[in-house]
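Student: The following comprises the amino acid sequence and a computationally predicted model.
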Amino acid sequence: MTLAFELAALRQVREPQAVVVDARRWARNVGLVSTGSCTAHAFSAEHLIRRDFQVAPTTSSFQHLSSRHTTERHVLVGEAPDRPDYLPQHHWEYFALADAASAAGWEIENKETTSRIQLTSWLARVLRSLG
């Protein structure tokens, strides 16, 4: 299988590196879909993610990718509930992050809880520095 993650979807999981490592157990190729290669590179470096490819969200990019990686399946995991317009109908399947995460056991980040934890952590550091 060739598995592509939209960068926006991978940013929503609690542990992006663990998700990619898990995906590598059953996918031959794993990569990112992003409009900015610098953004994808920075995210990969920050989370220690090894990616086999990075493509732009265009039909031609996905057609080229499926011809380069001849695997039995080509799957995109994206942030939207519906298949994106840029994804070719031929050779590519689509799974919304919520469905893929549920099936694979990946945790999606709860933004409200994360913000509260970050604020609490920041406040604790400030109070320690004052005392």
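Tutor: Arrived safely.
Student: where does the protein dip in pLDDT?
Tutor: Along the chain, segments meeting pLDDT under 70 span 110-121, 131.
Student: ok, which stretches of it are strands?
Tutor: Remark: strands of the chain, listed N- to C-terminal, are 2-6, 29-33, 53-55, 74-78, 93-96; assignment by DSSP state E.
Student: which of these is buried the deepest?
Tutor: Mean neighbours per residue, mean count of other CB atoms under 10 Å, is largest over the strands of the chain for strand 2-6, with a mean of 24. The C-beta positions use only the backbone N, C-alpha and C, and glycine is treated the same way.
Student: any chance of the strands of the chain in a markdown table, with distance to Q12 too?
Tutor: Shown next, in a markdown table, are those (distance: least, CB to CB, whole Å):
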| stretch | distance to Q12 |
| --- | --- |
| strand 2-6 | 10 |
| strand 29-33 | 14 |
| strand 53-55 | 18 |
| strand 74-78 | 10 |
| strand 93-96 | 11 |
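Student: Can you tell me what sits against stretch 89-102?
Tutor: 9, 12-13, 62-63, 66, 73-84, 87, 103, 106-108 (CB atoms under 8 Å, 6 or more residues apart in numbering).
Student: Select from those every entry located in helices.
Tutor: Members of these lying in helices (criterion: DSSP state H): A9, F62, Q63, S66, A103.
Student: Which of those residues are buried, as a ChimeraX select command?
Tutor: Selection of buried members from the ones in helices among the contacts of stretch 89-102 for ChimeraX, criterion 16 or more other CB atoms under 10 Å:
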select :9,62,66
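Student: Quickly name whichever of the ones in helices among the contacts of stretch 89-102 is closest to S129.
Tutor: Closest approach between these and S129, by CB to CB: A9, at 36.7 Å.
Student: Let me see the contact set for that closest one.
Tutor: Contacts of A9 (CB under 8 Å, 6+ apart): V77, G78, E79, L97.
Student: Thanks a lot, see you next time.
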